[in-house]
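Chemist: what follows is a predicted structure for the sequence shown.
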Amino acid sequence: MTVSRDKAPTAQETFMQMAQAAGLRGRLLVTVGLLILARLGVFLPVPGIDRARFSAELQNSPFVGLLDFFSGGGFSALGIFALGILPYINASIILQLLTAAIPALENLQKNEGEAGRRKIGQITRYVALGWSVIQSIGLSLWAQRFAVEPGAFFVFETVLALTAGSMFVMWLSELITERGIGNGASLLIFVNIVAVLPRTLGQTIELAQTGGRETVGKVIVLLLVFLVMIVGIVFVQEGSRRIPIITARRQVGKRLYRERKNYLPLRLNQGGVMPIIFASAVLILPTSLAGITSGDNSNGLLAPINQVLIQIANYLNPNGQTPWVYVAVYLVLILFFSYFYASLIINPVDMSQNLKKMGASIPGIRPGRATSEYIERVLNRLTLLGAIFLGLVAVVPTAVESATGVTTFRGLG
C-alpha cells in the first residue's frame, strides 16, 4: 500500500505498514506470546495449599489488593508467579542506588560501554535472585498455615517454586526488551494491572446501572478524567526542549562551509514511567513484608517487626485514615527517582565536552563549564516539570476514587 507524500498516513495505512514489515511483525508476535506466557504462569498454583482456607483468609487481609495489582492476581491465587517482576524491580533500584555511590559500578556503567552494561545486568540478576529467595522464604512461612502437610519440605518446595517463577518472569522481561517491543518490565507491570481491570470495570458498570443520576455523573467524570490523563501522558512523553546549537564555519579544501544551526533536544520526562514504577515498588515494600512476616508468631521474634511494618503499611495505605501521608511520600519518591534517573541518563559535563569536540556551541553561552551549567539548569527545570506531571498521574486516580467512590482507577497510580 502506497502512502501519499503530501499528507500524513491514516491509522489504517500505518497499521497495514506495520503488518507488512516482517521484522516489526515478528517482534510484535514475540511480545504478545511472551506476555500471554507470563499471564498463564499466574494461574499455576503452588502445590500443597488448602485453597478453601487460603481464600477465606484473604478476604480479611488488607494487603492482598495492593499486591495483586503488581502480580496480576498472582498473590491472591498464590501461583508460582506470585512474586512477579517485583524482585527484579527492587534489584534494579538497589543497583541504581549503588551505582551512584560506588565508583567501580559507576565506571562500569558509564565508561565500559556494552560490556559494562552486561556486567551491571548480570549483577542485577544475582541481586534479584537473592531478593526472590528472601521473599519466597517469608511468603512460604506465612503460607504454611494453609498447607495440607506443613513442615520443612513444604517450605523448601514453595521457596523453590516461587523463586523459579520469579526468575522465569525476569527472563521473560529481558527477552521482551531484547527481541520484542518496548521495555519488558514496564509491559509486564502494565499487563498485570490491566488484567485486574475487567473486575473493577464490571463493578463500575454495575454501579452505574443500579445507581441514580448522581452515580452516572460520577462515572462520566471518571471517564473524562481518564481521557484527559491519556492526552496529557502522550503530550508530556513526546514533549522536549530544543536547545539551539550552532556549528562553527570550517574550510575543507577550497570549500568554506557556513555555520549550521541545529538543536539539542532534551526530553521533558527523561525517566519515562520508571520513576512511578520505582516509587510504587518502594511504597509496596512495607505491605509486602508485613504480609509475609505475619502468621502464628504473635510471641515470636518477628512479631515486633511485623507490628512496625503493619503501622507503616497503614500509614501508606491510600484508602486508610492518612491518605495525605501516602500522597506526600509518593510525590517525594517520584521527585527523587525522576532526578535520579535524569542524572543517570544525561551527564551535562559529558554533553558539554562532546559539543566542544564537535565545534558546536550554544548561542550566548561560553563553551566548557558555562555550557554544562546551562544544560544542567535546563535539565533540572524540565525534570521538575516532568516529576510534577508524573506525580499528578500517580495521585489523581486515588483522588478520583475518593471523590466519586468509583474504583476503576484503583491501582493505576
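Modeler: Structure's in. What do you need? Just so it is clear, the structure is predicted and the values come from calculations on it, not from any experiment.

Chemist: how many residues are close by residue 221?
Modeler: 14 (other Cβ atoms under 10 Å). For every residue, glycine as well, the C-beta is placed using N, CA and C.

Chemist: per-residue pLDDT of the closest residue to it other than its chain neighbours, please?
Modeler: Excluding the flanking residues, the one nearest residue 221 by Cβ to Cβ, 6 or more residues apart in numbering is residue 404, at 6.2 Å. According to the prediction, residue 404 has pLDDT 73.

Chemist: OK, contacts around residue 404?
Modeler: Contact analysis of residue 404 by Cβ atoms under 8 Å, 6 or more residues apart in numbering lists 218, 219, 221, 222.

Chemist: any weak-confidence spans in the stretch 51-200 of the chain?
Modeler: Applying pLDDT under 70 to the stretch 51-200 of the chain picks out residues 57-75.

Chemist: residue boundaries of the strands in the stretch 251-400 of the chain?
Modeler: 255-257, 260-267, 360-361 (DSSP state E, counting those that start in this stretch).

Chemist: so which residues make contact with the shortest one?
Modeler: Yep, that's strand 360-361 we're talking about. 245, 246, 247, 248, 262, 355, 367, 371.

Chemist: quick check: mean pLDDT of it?
Modeler: In the prediction, strand 360-361 has an average pLDDT of 82.

Chemist: what pairs with that strand, and is each one parallel or antiparallel?
Modeler: strand 240-247 (antiparallel) (DSSP bridges).

Chemist: tell me which residue is most central in this protein.
Modeler: residue 277 (2.9 Å; Cα atoms, centre = their mean).

Chemist: residues in contact with that one?
Modeler: 89, 185, 186, 189.

Chemist: and these, which two are the farthest apart?
Modeler: Using Cβ to Cβ, the pair of the contacts of residue 277 lying farthest apart is 89 and 186, separated by 9.9 Å.

Chemist: between those two, which is the more surrounded one?
Modeler: Remark: of residue 89 and residue 186, residue 89 carries more neighbours, 26 against 19, as counted by other Cβ under 10 Å.

Chemist: skipping its backbone neighbours, what lies nearest the more buried one in space?
Modeler: That would be residue 281: by Cβ to Cβ, 6+ apart, it lies 4.7 Å from residue 89.

Chemist: and residue 372, by the same measure?
Modeler: Ranked by Cβ to Cβ, 6+ apart and with sequence neighbours excluded, the top spatial neighbour of residue 372 is residue 352, at 3.8 Å.

Chemist: residue 362 is in contact with the one you found, correct?
Modeler: No - assessed by Cβ atoms under 8 Å, residue 352 is found out of contact with residue 362, at 9.2 Å.

Chemist: how about the helix ranked longest in the chain: buried residues?
Modeler: For the chain, the longest helix by residue count, based on DSSP state H, is helix 369-404. Using 16 or more other Cβ atoms under 10 Å as the test for burial, helix 369-404 gives 371-372, 374-376, 378-379, 382-383, 385-387, 389-401, 404.

Chemist: one more: stretch 219-238?
Modeler: 219, 222, 225, 229, 236.

Chemist: tell me the mean pLDDT over it?
Modeler: 82.

Chemist: work out the gap between that stretch and the centre of the chain.
Modeler: Its chain's average C-alpha position is 19 Å from that of stretch 219-238, according to Cα atoms, centre = their mean, to the nearest Å.

Chemist: returning to that earlier point: and the contacts of residue 277, which is closest to residue 285?
Modeler: The closest of the contacts of residue 277 to residue 285 turns out to be residue 89 (Cβ to Cβ; 10.4 Å).

Chemist: surely the closest one meets residue 278?
Modeler: Yes - counting by Cβ under 8 Å, residue 278 is a contact partner of residue 89 at 7.1 Å.

Chemist: which helices and strands does the host helix or strand of residue 190 pack with?
Modeler: Per DSSP states H and E: residue 190 is located in helix 184-210. The contact analysis (3 or more Cβ pairs under 8 Å, 6 or more residues apart in numbering; DSSP states H and E) places helix 184-210 against helix 22-42, helix 64-71, helix 86-101, helix 152-179, helix 213-238, helix 274-293.

Chemist: repeat that for 7 Å
Modeler: Helices and strands touching helix 184-210, by 3 or more Cβ pairs under 7 Å, 6 or more residues apart in numbering; DSSP states H and E, are helix 22-42, helix 64-71, helix 152-179, helix 213-238.

Chemist: any idea which of those is most buried?
Modeler: Across the helices and strands packed on helix 184-210, averaging neighbours per residue (mean count of other Cβ atoms under 10 Å) puts helix 64-71 on top, at a mean of 22.

Chemist: picking that back up, would you reformat the contacts of strand 360-361 as a markdown table and include pLDDT?
Modeler: Output for those, formatted as a markdown table (pLDDT from 0 to 100):
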| residue | pLDDT |
| --- | --- |
| 245 | 84 |
| 246 | 82 |
| 247 | 76 |
| 248 | 65 |
| 262 | 81 |
| 355 | 83 |
| 367 | 84 |
| 371 | 88 |
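
Chemist: out of those residues, which one sits closest to residue 39?
Modeler: The closest of the contacts of strand 360-361, once distances to residue 39 are taken by Cβ to Cβ, is residue 262, at 45.2 Å.

Chemist: give me the number of residues near the closest one?
Modeler: With other Cβ under 10 Å as criterion, residue 262 counts 13.

Chemist: okay, and the beta partners of it?
Modeler: residue 245.
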